[in-house]
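Q: test case, fold it:
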Amino acid sequence: QPSRLDVDYTRTMMGFLLFQPAPAHIGMIGLGGGSLAKFCHRQLRASRMTVLEINPHVIALRREFHVPDDDERFTVIAADGALYLQQAETPRFDVLLVDGFDHEGQPAALCSQRFYDDCFAALGDQGVLVVNLHSDHPDYPLLVGRINRSFSGNAVEVMAVEKSNAVVFASRGPALSPRCVNLAHSLSGLDDAARVQLKPELARVAWEMKDLAGGG
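A: Numbers count the residues shown, from 1 in each chain. You can find the predicted model right below:
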């Protein structure tokens with residue numbers, strides 16, 4: 001089942017569906033094993049996806065990991081994600097997923113204030129940024145602070161089930177509020193198996209955000 005999300009934090013990252021259930025263009029920094037890319041390509045049929053991966057060896061393994069071939073809906077670009085966002089011709093994204101790690105952890109270029117400012121600029125008016133961070137890293141509070149600065153405080157943290165990862169959602173559009181969430185609508189574009197898999201996690205994300213927002 002190559003398109004199934006087996007790692008808990010990847011299901012948490014799909015919480016963007018609560019705010020962008022049918023994004024026209026998804027950007028992703030960090031291909032890795034391709035779980036999120038494969039899931040989005042299979043489930044969000046109306047979405048175009050651009051994946052940025054700096055490591056050519058990771059891209060070379062895409063066939064072994066059943067990552068789809070490039071087509072009109074899906075493109076993997078060998079590029080430094082941070083530098084890509086600085087280009088004047090960078091396309092606007094409705095959702096931007098950041099899950100970029102190497103053998104030393106998260107590269108400095110993918111967690112600087114400039115980077116998060118560039119993420120904000122790369123999003124459309126209703127765009128949502130989703131960042132996977134290690135919650136036990138000493139710099140975790142600093143990085144969350146940077147995201148909040150770039151998005152004028154319109155960001156929330158949701159701990160993944162296993163607690164070692166935290167997913168930060170930030171929006172260029174309206175305030176991220178659980179009052180705006182319609183779970184059924186958020187899941188409506190998925191097939192039955194994906195709905196069954198994601199419904200408990202999206203409900204948990206919405207509940208966690210409710211607590212962070214100080215009530216329903």
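Q: spatially nearest residue to Leu198 (excluding sequence neighbours)?
A: Spatial nearest neighbour of Leu198, excluding adjacent residues (C-beta to C-beta, 6 or more residues apart in numbering): Met14 at 5.8 Å. C-beta coordinates here come from the backbone N, C-alpha and C atoms, glycine included.
Q: can you check Pro107 too?
A: Gly100 (6.5 Å).
Q: parallel or antiparallel, list what pairs with the longest strand seen in the chain.
A: With secondary structure taken from DSSP state E, the chain has its longest strand at strand 123-134. As defined by DSSP bridges, the strand partners of strand 123-134 come to strand 93-98 (parallel), strand 165-171 (antiparallel).
Q: who touches that strand?
A: With contact meaning C-beta atoms under 8 Å, 6 or more residues apart in numbering, strand 123-134 is reached by 9, 13, 15-16, 19-20, 92-99, 105-106, 111, 116, 119-120, 140, 143-144, 147, 151, 155, 164-174.
Q: could you list every helix and strand in contact with the next helix or strand after it?
A: Sequence order places helix 140-150 as the next helix or strand after strand 123-134, per DSSP states H and E. Helix 140-150 is packed against helix 113-122, strand 123-134, strand 155-159, strand 165-171, with contacts defined by 3 or more C-beta pairs under 8 Å, 6 or more residues apart in numbering; DSSP states H and E.
Q: so of these, which one's packed in deepest?
A: A comparison of the helices and strands packed on helix 140-150 by mean neighbour count, using mean count of other C-beta atoms under 10 Å, puts strand 165-171 on top with a mean of 23.
Q: contacts for that strand, please.
A: 8-9, 12-13, 15-16, 19, 119-120, 126-135, 140, 144, 147-148, 150-151, 154-160, 176, 209.
Q: pLDDT at Leu212, what is it?
A: pLDDT for Leu212: 60.
Q: can you flag the buried ones in the contacts of strand 123-134?
A: Taking 16 or more other C-beta atoms under 10 Å as the criterion, what is buried in those is 9, 13, 15-16, 19-20, 93-99, 106, 111, 116, 119-120, 140, 143-144, 147, 151, 155, 165-172.
Q: picking that back up, contacting residues for the residue nearest to Leu198?
A: Met14 is in contact with Leu5, Leu36, Phe39, Leu198, Glu201, Leu202, counting by C-beta under 8 Å, 6+ apart.
Q: check the gap between the last one and Arg11 for me.
A: To Arg11, Leu202 is 8 Å away according to C-beta to C-beta, to the nearest Å.
Q: now stretch 199-215: buried residues?
A: So, applying 16+ other C-beta under 10 Å, buried residues of stretch 199-215: Glu201, Leu202, Arg204, Val205, Ala206, Glu208, Met209.
Q: likewise for stretch 45-62?
A: Ser47, Arg48, Met49, Thr50, Val51, Leu52, Glu53, Ile54, Val58, Ile59, Arg62.
Q: tell me which two of those sit farthest apart.
A: Using C-beta to C-beta, the buried residues of stretch 45-62 span at most 23.0 Å, a distance reached by Ser47 and Ile54.
Q: pLDDT below threshold where in this protein?
A: 1-3, 102-103, 211-216 (pLDDT under 70).
Q: picking up where we left off before, in helices, which of the buried residues of stretch 45-62 fall?
A: Those of the buried residues of stretch 45-62 mapping onto helices are Val58, Ile59, per DSSP state H.
Q: residues contacting the residue sitting nearest the centre point of the chain?
A: Against the mean C-alpha coordinate of the chain, by C-alpha atoms, centre = their mean, the closest residue is Leu97 at 2.7 Å. By C-beta under 8 Å, 6+ apart, the contact set of Leu97 is Met13, Phe16, Ile26, Gly27, Met28, Ile29, Leu36, Val130.
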